[in-house]
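**Q** test case, fold it:
(one chain, ligands or ions: 2)
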Amino acid sequence: MNNNTNKLASILNTKSHPIDASKYRSKCKSILDRDGVLVLKNFLLKESIQSILEEAKQQERLAYYCVNEHNVYLDPYDNNYPNSHPRNRTVVSSKGCITDDQVPKDSALRALYDSEEFRGFLCSVLDEKALYKYDDNLSSINIHYANEGQELGWHFDNSSFAITLLIQKPEAGGEFEYIRDFRNSKNNDNNYDQVLHLINEQCQPKKLTMENGSLVLFRGKDAIHRVTPTIGGRTRILSVLAYNASAGVQLSESARMTFFGKLN
Ligand SMILES: O=C(O)CCC(=O)C(=O)O
Ligand SMILES: [Fe+2]
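**A** Ligands and ions are numbered 1, 2, ... in the order given. Below is the predicted model of the structure:
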């Protein structure tokens, strides 16, 4: 066992989640392939989640809060359609965010993010050759804060996968809802009829159960999803671990300005 493996073993619940074992990796991969989502409960040890929560609370005062109106495709307004068309209909997202440079250097979260074993596990499960950090100082590890009433509106992700770790579940609300295969981005099928139904609350989405310490791998490019408003005084706190399939990628300047309120 090298030092890094030792370090990871002190953070991760390796008994329940033997991420080095090929059998475990293939099991996780088949669940993700089948369901489009994989929830690994108690992925981190209780003490690690506790320390990450304390750090996140300490840094909360630095969070950049933004309210965005966006369409579900996260694309700019399209003049070929009216305002009322699902292509342009807007929903609201509101949250606070701290950036990679605001996550302590010695955080368990960073040890996890940087770990070769963890990346190897993610590559196997996501079927990627390699995963790289963002080539900017803001975008790799983010922590999201949703205070009472804050929510993420319906959207499709731009990236083919997302990795999150729930740090603090709110008293109520803050539920992750989704519907799989709700568009076909490869075929440019935007499924406007169903999207309109959904925005008008005429579709029944599925709910994902996640607990503090749950690691979630989610394929959100064609699965529409949202996070319902936080209810109660306990803030929903979640970490997003963002990787790229190629090296040297930066988050676009417009996205950095929108979500972080700064470029570096
Ligand atoms: O907060 C979550 O659980 C999901 C976040 C999400 O969908 C996103 O950042 O695109
Ligand atoms: Fe998303």
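
**Q** tally of neighbours for E69?
**A** Counted with other Cβ atoms under 10 Å, residues neighbouring E69 total 10. Using the backbone N, CA and C atoms, a C-beta is placed for each residue, glycine as well.

**Q** same check on L74?
**A** If you count neighbours by other Cβ under 10 Å, L74 ends up with 13.

**Q** ok, now which ones touch it?
**A** By Cβ atoms under 8 Å, 6 or more residues apart in numbering, L74 lies in contact with 155-158.

**Q** residue in the stretch 1-150 of the chain nearest to ligand 2?
**A** Minimum separation of the stretch 1-150 of the chain from ligand 2 (Cβ to the ion) falls at L74, amounting to 8.8 Å.

**Q** hey, which helix or strand in the protein has the poorest pLDDT?
**A** The helix or strand of the chain with the poorest confidence is helix 3-9; it has a mean of 73 (mean pLDDT, DSSP states H and E).

**Q** and the helix or strand just after that one, what other elements does it pack with?
**A** Elements were assigned by DSSP states H and E; along the chain past helix 3-9, the next helix or strand is helix 22-35. Counting contacts by 3 or more Cβ pairs under 8 Å, 6 or more residues apart in numbering; DSSP states H and E, helix 22-35 packs against strand 37-40, helix 116-126.

**Q** which stretch among these comes nearest ligand 1?
**A** Closest approach to ligand 1 among the helices and strands packed on helix 22-35 (Cβ to the nearest ligand atom): strand 37-40, 10.8 Å.

**Q** so what touches the closest one?
**A** Contact with strand 37-40 is made by 17, 28, 31-32, 125, 178, 208-210, 214-219, 223, as judged by Cβ under 8 Å, 6+ apart.

**Q** quick check: residues of the stretch 101-250 of the chain near ligand 2?
**A** Contacts of the stretch 101-250 of the chain with ligand 2, taken as Cβ under 5 Å from the ion, map to 157, 220.

**Q** the strands in the stretch 101-250 of the chain, which residues?
**A** 141-146, 152-155, 162-168, 172-173, 176-179, 206-208, 215-218, 224-227, 230-231, 236-241 (DSSP state E, counting those that start in this stretch).
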